[in-house]
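> predicted model follows, preceded by the sequence.
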Amino acid sequence: MKALSGKEVCKLLEQHGWILRRITGSHHIYTKHGRSMWLSVPVHHSKSLKRGILRDILKNADLLDKI
C-alpha cells in the first residue's frame, strides 16, 4: 500500500463524497450522507500515516480497493 499523509487522505475522502464536519485539534472529522459512521483523520503536517491507521480509514470509507 502506498504511504499517504493525512492531507492526502482528506483529499481522497472529499473526492468520494465525504464531507468535513469539524476539526478537533489535529483530527479532521468526516461524515457522508446515508452513512451512520464518521471518520477521524489525523493530520500532522505532511507526515505519513502509519499503515494500520491508513488501512482502517480506507476500509471504513470503502476505498481500500481503490488505492
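Looks like it arrived, so ask away.
> spit out the contact partners of residue 39.
13, 18, 29-31, 57, 60-61 (CB atoms under 8 Å, 6 or more residues apart in numbering). Just so you know, the C-beta spots here come from the backbone N, C-alpha and C atoms, and that holds for glycine as well.
> which helix or which strand is home to it?
Assigned by DSSP states H and E, residue 39 falls within strand 38-42.
> re the thing from before, turn the buried ones among the contacts of residue 39 into a named PyMOL selection, would you?
Here is the PyMOL command that picks out the buried ones among these, judged by 16 or more other CB atoms under 10 Å:
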select buried, resi 13+18+30+57+61
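> tell me where this protein has strands.
19-24, 27-31, 38-42 (DSSP state E).
> so which of those is nearest residue 1?
Ranking those by proximity to residue 1 (CB to CB) places strand 38-42 first, at 15.9 Å.
> for residue 46, give me its contacts.
5, 7.
> quick check: pLDDT value at it.
We have a pLDDT of 88 for residue 46.
> now do it against residue 61, distance only.
Note on residue 46: its distance to residue 61, by CB to CB, to the nearest Å, is 21 Å.
> also residue 12?
Distance, residue 12 to residue 61, using CB to CB: 8 Å.
> I figured residue 1 hits residue 52, correct?
No - with contact defined as CB atoms under 8 Å, residue 1 does not count as touching residue 52 (10.4 Å).
> please enumerate the helices of the protein.
For the chain, the helices defined by DSSP state H occupy 6-15, 51-60.
> for residue 35, find the nearest of those helices.
Across these, residue 35 has its closest neighbour in helix 51-60 (9.3 Å, CB to CB).
> now for that closest one, which elements pack on it?
helix 6-15, strand 38-42 (3 or more CB pairs under 8 Å, 6 or more residues apart in numbering; DSSP states H and E).
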